[in-house]
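A.B. asks: Based on what follows, work out the 3D shape:
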Amino acid sequence: MISVPLWLSSPHDCSYLDDKIAQSVVVSEGFVLDTLMYSRLIEQGFRRSGDQVYAPHCPSCQACVPSRIAVADFQADRKQKRCWQRNRDTQVTIKPAKFETEHFKLYKRYQAERHDRGDNQQISEQDYIEFLSSNWCNTWFVEFRINHQLAAVAIVDVLDNALSAVYTFFDPVFAQYSPGVFAVLWQIEHAKCLNLEYVYLGFWIKACRKMLYKNQYQPLQGLINQQWQTV
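C.D. replies: The predicted structure is shown next:
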């Protein structure tokens with residue numbers, strides 16, 4: 001049994017729910033992490049942002065539910081099957097987690113158009129790569145190209161028994177192809193090919209519109225009272 005040192009963040013405004021105050025427990029910076037250790041931590045509800053690994057720890061709220069898909073049990077619905085068919089000619093390339101100018105330009109355009117980030121010109125190359133990559137985790141930058149044009153990039157962590165969907169950004173020009181949905185479907189199929197058990201989707205929050213899409217992947221599992229169960 002390994003003891004993991006944690007610290008508690010200061011209270012701050014919740015990024016997902018209005019009028020809520022959030023806190024997190026964070027793995028101490030000096031603790032040596034690797035993919036195997038993170039594989040155990042993500043099973044317990046942790047998540048990474050850059051090199052930092054954290055979990056929600058809000059005294060008066062348990063709305064953030066860690067979620068994952070058991071790939072052997074996943075059943076695509078009609079819309080997801082149509083999405084897969086629309087993307088039958090989409091080119092997928094797995095790349096290392098390194099900075100590429102083409103990716104960075106798409107990321108800034110996505111932030112501006114999908115998340116109203118009017119200050120996206122202030123996002124530096126260093127901010128971008130430190131947010132998505134990690135010095136200790138095995139991470140892919142997966143490219144999706146439609147008609148040879150960059151349509152989306154999915155950041156994917158490769159764990160010992162799972163893939164973890166870190167973040168996906170896409171060109172709104174290709175919205176009719178549902179690139180965000182296709183990126184998740186591709187990860188599910190690729191996890192099957194690698195004989196992995198799960199795809200982790202991060203936190204599912206029932207009351208948050210931005211997080212509701214995760215419930216489209218059924219059966220979805222959530223970590224509730226330290227037990228993984230269908231939600």
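A.B. asks: all contacts plus neighbour counts: C-alpha atoms, from now on.
C.D. replies: OK.
A.B. asks: what sits against residue 141?
C.D. replies: Contacts here follow CA atoms under 8 Å, 6 or more residues apart in numbering; on that basis residue 141 touches 94-98, 153-156.
A.B. asks: And for residue 140?
C.D. replies: By CA under 8 Å, 6+ apart, the neighbours of residue 140 are 94-97, 154-158.
A.B. asks: looking at this, it is in a helix?
C.D. replies: No: read with DSSP: H, G, I helix; E, B strand; the rest coil, residue 140 is strand and lies in no helix.
A.B. asks: okay, it: pLDDT?
C.D. replies: The model reports residue 140 with a pLDDT of 98.
A.B. asks: beta partners of it?
C.D. replies: Counting by DSSP bridges, residue 140 is bridged to residue 96, residue 156.
A.B. asks: how close does the most centrally placed residue in the chain get to residue 4?
C.D. replies: Among the residues of the chain, the one closest to the centroid is residue 166, at 2.6 Å (CA atoms, centre = their mean). Here the criterion is CA to CA, to the nearest Å. By it, residue 166 lies 22 Å from residue 4.
A.B. asks: again with residue 63
C.D. replies: In terms of CA to CA, residue 63 sits 24 Å off from residue 4.
A.B. asks: more crowded one of those two?
C.D. replies: It is residue 63, of residue 63 and residue 4, that has more neighbours when counted by other CA atoms under 10 Å, with 16 against 13.
A.B. asks: so when I look at the more buried one, I'm seeing a strand, right?
C.D. replies: No: Residue 63: not assigned to a strand; according to three-state DSSP it is coil.
A.B. asks: Next up, the contacts around it.
C.D. replies: Residues near residue 63 by CA under 8 Å, 6+ apart: 205-207.
A.B. asks: likewise residue 76?
C.D. replies: Residues in contact with residue 76 (CA under 8 Å, 6+ apart) are 217-218.
A.B. asks: A helix includes it, no?
C.D. replies: No: counting by three-state DSSP, residue 76 is located in no helix; its state is coil.
A.B. asks: What are the phi and psi values at it?
C.D. replies: Backbone torsions of residue 76, given as degrees, to the nearest 10, read phi -70, psi 140.
A.B. asks: ok, back up a step: give the buried subset of the contacts of residue 140 as a ChimeraX selection command.
C.D. replies: Buried residues among these (16 or more other CA atoms under 10 Å), as a ChimeraX selection:
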select :97,154,155,156,157,158
